[in-house]
Structure formats: structure tokens, C-alpha cells
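Asks: here is a sequence with its predicted model. Questions after.
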Amino acid sequence: MPKTAPPPKQVTRFEAALLRILRFFFQQVPAEEALPLIRGVMNRPPCLSAAAVHLVRDTLSKGCVLYLVKAGGWKQDRFLRGGEPKAGRLWQRGSIDELTLSFSKVSLQFLIWLTANRPGELPNFEAADAEPTIADQLLFHLAYEAIREHQDIAAVLRPMPIFADNLLCRLKYPADFVDEKSYDPAGIDAWFTGVGSVVLEALQPNLESRWLESERTKGQTSNWDKLLRQGLAETQILTVFLDAAERANREDLARFPIGVLDQLLGIPDPIPELWIGGLQGNAPPRMAERLEVQRAALSLLAQTERLRRWEQRARHSSFMDEDYAARQFWLSEWERLHGSRSLARADKILRMIEPL
């Protein structure tokens, strides 16, 4: 009879806690089981066992892939491949190399640090001797998403560079980072090629849903300063993101703002009050300051000027142009999502708040 593989070595208490925290990030473990481990302190071992490392790798690879599939990878969709539109589900549109998530030791270092330490009591985590990969950054985004409602932990983790300079964290939750330093765009171009672009493709529905929720709640905000800071944070990350998409000729990865505008402005005669109607007392004394808040609240609508340029460039592209197929694909998406209608209605709303 063939020999069976020996059972894996039992993991230690520390390793079991680390794995439970990791699975919490993938919503495989309830918060009430993981949060006490994050808030607690455990003696850090000299190293992890081979069995624990294997389980971490297995959880990371399967958890991240499942997350991307659920986020939007399962959908029959179209995105650019080699400058040409390609249809299918996420795994049907690209090669194996484009779909491979490579984690560095930074991910494991972070998991060990989070398990061993109580956030806030020791120096913040810093990646040592390695730059986080796209896969690492996806994990950090999932970690932040899991803990962001638990403010005692989120407030400590948020200023760390692995979160504050994480494109996905900033793009999905810009209002969370209004008190942090400006986003550092170094390395953003990596998100528009290879596996980074695949991640952004999968997250388009996720990003659209999140921005739609945020835009629809602005009209309930009564605090002038809060709305100003949120709008400025949104403007900053959108500008950086759209700049990078344009540099890479991957405007298709910036499709979610058009989808949000389509749903927001699809109603007849939308008015600025949908965004600024909740502003009440304690208004800034000067009209210029009040106007700045109102403009900031309409940060997404203000991006239509750039979208107009993209549309016009696509309409005037020639069949002989190298990027003709990509431009026509963008134009087809623009028309599918009623971009011209959104553009006209956004212009009307933006003019309504101007004093002249």
C-alpha cells in the first residue's frame, strides 16, 4: 500500500491566533473571536513553524482570490488587454502570469506584529527590507476593511504607511484619511499594469457601490468642516488616480466614477441640495469659505471636465491611431453609462452653486 502523507505538525497557540486574525480579514472568522487577539499581547516566537507558514500561504492565496471573484471577478465584463477590449470573467480575460498574486515577507511580518503587540502601545509597524507587492497591499486593504469600524484599532493602524499610502484604502474610503498626510502617489503606476490592473478590474463594482453610498449620504451631513475635508480628500485621490489611468491609457479602470454619476444623476432635475442640503448652523462667516465647502461637496461632479476631455479625444480618434480600439471601447462604455447625460446635468448643478 502507498504511504500516506504524515499529518501536519500542530501549530502553537501564537500561530493559531495569527491564523485566526488572518481569517478574520477574509470574513471567515467572526469579529468577536479575532478582536480580543488583536487587542491583546502574546509572546512572539523566534520563528513560525513550517506548518504555520504553509497555512498562512494557503489562506492568503485562496482568500484573496475568493475575495476578488466575489467583488466583481465573477461577472461577464469587458476590459482592455493589450489595447484591445476582451470579454469574459476575470480568469478568462488574462494569462496566468497576470492573475498570479505574489506576497512578500512584509505580509507575514505584519501578521506577526499584529498578533504579538497591542496596537498603540509599541512603535507602529514598518515594513523592513522589502517593498510591499500588489498582493501585500491587497491584504492590507482587507485588513483595514475588517477593522475600520473598530475605532480603537483603526485609529492606530490608519496613519501607518501601509494603510495611509495604500491606493485601495484611500480610493475606497477617502473620508477616513482626512486627518492623515497627503497620499504618496509613488508606485501608483503599478496598479495599471499586470496583476494590479486585474485587481482594479475586479474591484470596479465594489468601488462604484462604495462611492455611491458616500455621495448619497453627503446631503445628511450638517458639519461644514467635515464636508470640506471629505471633499478635499476625495478630490486629491481622484485626481491622482485619474492622472495615472490616463498615463497608462487604462481609462477603462476608471469606469466606476461614470457608473456612480449615472445613478446619481439619472433622476430628473437633480439639484445641489442632494449634496449640501444638510448643512446647517455654524457656517463659515465668509461667502468664499462657504462656497469652498459647496464646491468640495461636489468633488465627484467636478471630475466631469476631465471625463469630457476623454470623451472628445475618443470621438476624434482616427482608425489609423494606435490606440483607436481603446478609445472606441471607452466611448462605448461612456454611452452605455449615459455619460453625456451625466455631463450635462453635472454642469448644471455646478453652475447652480456659483455666485456669478
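Replies: Nice, thanks for sending it over.

Asks: contacts for the one helix or strand L212 maps to?
Replies: For L212, the host element (DSSP states H and E) is helix 194-217. Outside helix 194-217, the residues within contact range by Cβ atoms under 8 Å, 6 or more residues apart in numbering are 68-69, 71-73, 75, 77, 79, 90, 93-94, 97-102, 134-135, 138, 168, 171-173, 175, 190-192, 250, 253, 255-257, 259-260, 263-264, 274-275, 300. Any C-beta I mention is one placed from the backbone N, CA and C, and that applies to glycine too.

Asks: distance check, the residue nearest to F241 when sequence neighbours are not counted against R57.
Replies: With sequence-adjacent residues excluded and distances taken as Cβ to Cβ, 6 or more residues apart in numbering, F241 is closest to L171, at 6.1 Å. Separation of L171 from R57 (Cβ to Cβ, to the nearest Å): 27 Å.

Asks: phi, psi of R78?
Replies: phi -130, psi 130 (degrees, to the nearest 10).

Asks: select only the buried ones of the contacts of helix 194-217 in ChimeraX?
Replies: In ChimeraX syntax, the buried subset of the contacts of helix 194-217 is picked out as below (16 or more other Cβ atoms under 10 Å):
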select :68,71,72,73,77,79,90,93,94,98,99,101,134,135,138,168,171,172,173,175,190,191,192,250,253,255,256,257,259,260,263,264,274,275,300
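
Asks: count the residues that sit near R148.
Replies: Using other Cβ atoms under 10 Å, R148 is surrounded by 18 other residues.

Asks: next one: Q28
Replies: Neighbour count for Q28, taken as other Cβ under 10 Å: 15.

Asks: which secondary structure element contains it?
Replies: Applying DSSP H and E, one finds Q28 in no helix or strand.

Asks: now do the same for it: its pLDDT.
Replies: Looking at Q28, its pLDDT reads 95.

Asks: any idea how far it is from L253?
Replies: 29 Å.

Asks: ok, now L138?
Replies: 15 Å.

Asks: what does stretch 107-122 rub up against?
Replies: With Cβ under 8 Å, 6+ apart as the criterion, stretch 107-122 contacts 14, 17-18, 21-22, 37-44, 48, 53, 56, 60, 125, 127-128, 132, 135-136, 139-140, 143, 152-153, 156-157, 162.

Asks: could you redo the last one with a cut-off of 7 Å?
Replies: For stretch 107-122, the external contacting residues (Cβ atoms under 7 Å, 6 or more residues apart in numbering) are 14, 17-18, 21-22, 37-42, 44, 56, 60, 125, 127-128, 136, 139, 153, 156-157, 162.

Asks: show me where the stretch 201-350 of the chain has its helices.
Replies: Counting by DSSP state H, counting those that start in this stretch, the stretch 201-350 of the chain has helices at residues 224-247, 256-264, 273-276, 287-297, 299-302, 304-315, 324-336, 339-352.

Asks: the last one vs helix 324-336, what angle?
Replies: This points to helix 339-352. Using axes from the mean of the first three to the mean of the last three Cα atoms, to 10 degrees, the inter-axis angle of helix 339-352 relative to helix 324-336 is 60 degrees.

Asks: just the CA trace of helix 339-352, in PDB.
Replies: C-alpha atoms of helix 339-352 as PDB (Å, rounded to 0.1, in the frame of the first residue of the first chain):
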ATOM      1  CA  GLY A 339     -22.000  59.800 -19.900                       C
ATOM      2  CA  SER A 340     -23.300  62.700 -21.900                       C
ATOM      3  CA  ARG A 341     -26.500  62.900 -19.800                       C
ATOM      4  CA  SER A 342     -24.400  62.900 -16.600                       C
ATOM      5  CA  LEU A 343     -22.100  65.500 -18.100                       C
ATOM      6  CA  ALA A 344     -24.900  67.900 -18.900                       C
ATOM      7  CA  ARG A 345     -26.600  67.500 -15.500                       C
ATOM      8  CA  ALA A 346     -23.400  67.800 -13.600                       C
ATOM      9  CA  ASP A 347     -22.500  71.100 -15.400                       C
ATOM     10  CA  LYS A 348     -26.000  72.400 -14.500                       C
ATOM     11  CA  ILE A 349     -25.600  71.600 -10.800                       C
ATOM     12  CA  LEU A 350     -22.100  73.000 -10.600                       C
ATOM     13  CA  ARG A 351     -23.300  76.300 -12.200                       C
ATOM     14  CA  MET A 352     -26.100  76.500  -9.600                       C
END
